[in-house]
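J.: Give the three-dimensional model of this entry:
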Amino acid sequence: MKTITIFGLINSQHISNFAFTIKKYSDYKFYGINKTPVFVSGEEYQEQAKETFDQIYNLPLSQIKIIDVIRRSLFAVISIIKCAKRSDIVQFHYISPFVLPLAIVVKLCSKAKISSFIYGSDFLRASMIGSWCIAKVFSLSNSIVCDSSNVLEGLKRRYPKYQSRMCCCYFGSPIIDRLLVAKKNSKKQLLFAGPKKIIMCGYNGGKEQQHIRIINSLRNVAKDFIWVFPMTYGVTNQDNKQKVIDLLKNLNVEYVLLDRFLTEEEWINYILATDIFIHMQVSDAFSSSIAEHLLLGHILINGSWLKYKDLDDNGVFYIKSDFESLEKNLAFCMDNYAELEPKLKSNKEIIVKMKSLDYCIKNYWIPYFNDL
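T.: Coordinates of the predicted model:
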């Protein structure tokens, strides 16, 4: 039996489901250090985390920034020492400057092996200081893991000194497993009236999703569709969210803005009702949301600057577009929808092997931790 400490957003659906599923198929024991206890997540994930982790340390929060930093830092160090001494592996989820002193403490105070999990945005959007901190964490890590071939290749180019420690393990999503048995036909009628196609734009409320540029690029045809904007999390700028709402109202189009936490069932219903997914984010490391739409045979119109080696190498069909040709590509999809459907169906089997949580845990992650 191995004992693993995870440092990250323990109550998030990603880590909660990740650890829960590993425990389902193994005898591993988990400790958690929750870096942000105040996080938008459903009660089911918090309860699942409590069930999965033998102990969870929540880093304290304070209204005064300097006090907050000091308290959180001290508590993080104390917690990581306690957990690392009892663990075989310490895995850091999302590598930020805050992780560096904790990795040093693990190395000095325990025999635990360090696994650094790169999410993508932590590496792709790192500042000069952030990039330096990532390199220092890598120097202390026994293993560096990500869930995208694109990110893996980028890491090897930027940090060639540590490439022998790097590997790719697909993270997986429980939504994929649930979508495999879900029924698509009735969900659209339950949520939306009329024959219009449903277009979902992006998967969070971050400005990087470029919602406004998408709407402006399609304003000539906006009334022909019903628009869905998931903004449950990632809203760091309320002004951006309000600008999206004002623009949609001015265009007098039908839209739904999802700005409250959704249960898995609610989210699945919106996914099932969607026909076309437009994803034009600034940068991305192959998100699970993309996989969800591809699994169901939806048309994906994706930013041409976003390179997905995993999809291209496996022959997954999707449309690449810049903003200037977005309207033309959307028109092509609508005019040839029936002809495109057979190509879309072949995506399913490929996506299962990349993004099914059960498949990924059994075939990638349990072997990974066993070998570490």
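J.: contacts and neighbour counts: CA atoms only from here.
T.: Will do.
J.: need the helices for the stretch 51-200 of the chain, in chain order.
T.: Along the stretch 51-200 of the chain, counting by DSSP state H, counting those that start in this stretch, helices occupy 65-85, 99-109, 121-124, 128-140, 149-158, 174-179, 187-191.
J.: ugh, wrong one, the stretch 201-350 of the chain
T.: 211-217, 238-251, 264-273, 288-295, 309-313, 326-335, 337-345, 347-355.
J.: what is the orientation angle of the third one with helix 288-295?
T.: What it means is helix 264-273. Between helix 264-273 and helix 288-295, the angle formed by their directions is 50 degrees, by axes from the mean of the first three to the mean of the last three CA atoms, to 10 degrees.
J.: what is the rounded mean pLDDT of helix 264-273?
T.: Mean pLDDT, helix 264-273: 88.
J.: do the same with the first one
T.: Helix 211-217 comes out with an average pLDDT of 95.
J.: Show me which parts of it are buried, residue by residue.
T.: By 16 or more other CA atoms under 10 Å, the buried positions in helix 211-217 come out as 211-212, 214-215, 217.
J.: and that helix, what does it pack onto?
T.: With contacts defined as 3 or more CA pairs under 8 Å, 6 or more residues apart in numbering; DSSP states H and E, the packing partners of helix 211-217 are helix 238-251.
J.: try the shortest one
T.: Using 3+ CA pairs under 8 Å, 6+ apart as the contact definition, the elements that helix 309-313 packs against are helix 149-158.
J.: low pLDDT regions in this protein?
T.: The chain contains residues with pLDDT under 70 at 37-42, 62-64, 183-190, 234, 236-237.
J.: could the helices of the stretch 51-200 of the chain be laid out in a markdown table, adding distance to Cys168 and mean neighbour count?
T.: Formatted as a markdown table, the entries for the helices of the stretch 51-200 of the chain read as follows, by distance: least, CA to CA, whole Å; neighbours: other CA atoms under 10 Å:
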| stretch | distance to Cys168 | mean neighbour count |
| --- | --- | --- |
| helix 65-85 | 24 | 17 |
| helix 99-109 | 21 | 18 |
| helix 121-124 | 15 | 17 |
| helix 128-140 | 15 | 18 |
| helix 149-158 | 7 | 18 |
| helix 174-179 | 19 | 19 |
| helix 187-191 | 35 | 14 |
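J.: Format those helices as JSON lines; extra columns: distance to Ser321.
T.: Compiled in JSON lines, the helices of the stretch 51-200 of the chain are given as follows (distance: least, CA to CA, whole Å):
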{"stretch": "helix 65-85", "distance to Ser321": "42"}
{"stretch": "helix 99-109", "distance to Ser321": "37"}
{"stretch": "helix 121-124", "distance to Ser321": "21"}
{"stretch": "helix 128-140", "distance to Ser321": "30"}
{"stretch": "helix 149-158", "distance to Ser321": "19"}
{"stretch": "helix 174-179", "distance to Ser321": "25"}
{"stretch": "helix 187-191", "distance to Ser321": "26"}
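J.: can you tell me which of these comes nearest to Tyr28?
T.: Tyr28 sits nearest to helix 65-85 of all the helices of the stretch 51-200 of the chain, at 14.4 Å, using CA to CA.
J.: between the closest one and helix 99-109, how big is the angle?
T.: Compare the direction of helix 65-85 with that of helix 99-109 by the same axes, to 10 degrees and you get 40 degrees.
J.: what's the spacing between Gly206 and Val90?
T.: When CA to CA, to the nearest Å is the yardstick, Gly206 and Val90 sit 30 Å from each other.
J.: Looking at those two, which is more packed in?
T.: Taking Gly206 and Val90 together and counting by other CA atoms under 10 Å, Val90 has the greater number of neighbours (27 against 21).
J.: what residues are up against that one?
T.: With contacts taken as CA atoms under 8 Å, 6 or more residues apart in numbering, Val90 has the following neighbours: 4-7, 84, 106, 112-115.
J.: Trp132 and Leu9: what is the separation?
T.: Summarising the geometry, the distance separating Trp132 from Leu9, computed by CA to CA, is 23 Å.
J.: Now distance to Tyr28 too, for the helices of the stretch 201-350 of the chain, in CSV please.
T.: Conversion of the helices of the stretch 201-350 of the chain to CSV gives the following (distance: least, CA to CA, whole Å):
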stretch, distance to Tyr28
helix 211-217, 42
helix 238-251, 41
helix 264-273, 26
helix 288-295, 25
helix 309-313, 29
helix 326-335, 47
helix 337-345, 37
helix 347-355, 22
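J.: quick one on the thing from earlier: nearest approach to Pro367 belongs to which of the helices of the stretch 51-200 of the chain?
T.: Proximity to Pro367, assessed across the helices of the stretch 51-200 of the chain by CA to CA, is greatest for helix 149-158 (18.5 Å).
J.: Could I get the CA-only coordinates of that closest one as PDB?
T.: As requested, the backbone C-alpha atoms of helix 149-158 are provided in PDB (Å, rounded to 0.1, in the frame of the first residue of the first chain):
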ATOM      1  CA  SER A 149       1.500  15.600 -25.600                       C
ATOM      2  CA  ASN A 150       1.600  19.300 -26.500                       C
ATOM      3  CA  VAL A 151       2.500  20.300 -23.000                       C
ATOM      4  CA  LEU A 152       5.000  17.400 -22.700                       C
ATOM      5  CA  GLU A 153       6.800  18.600 -25.900                       C
ATOM      6  CA  GLY A 154       6.800  22.200 -24.700                       C
ATOM      7  CA  LEU A 155       8.200  21.200 -21.300                       C
ATOM      8  CA  LYS A 156      11.000  19.300 -22.900                       C
ATOM      9  CA  ARG A 157      11.900  22.200 -25.100                       C
ATOM     10  CA  ARG A 158      11.900  24.800 -22.300                       C
END
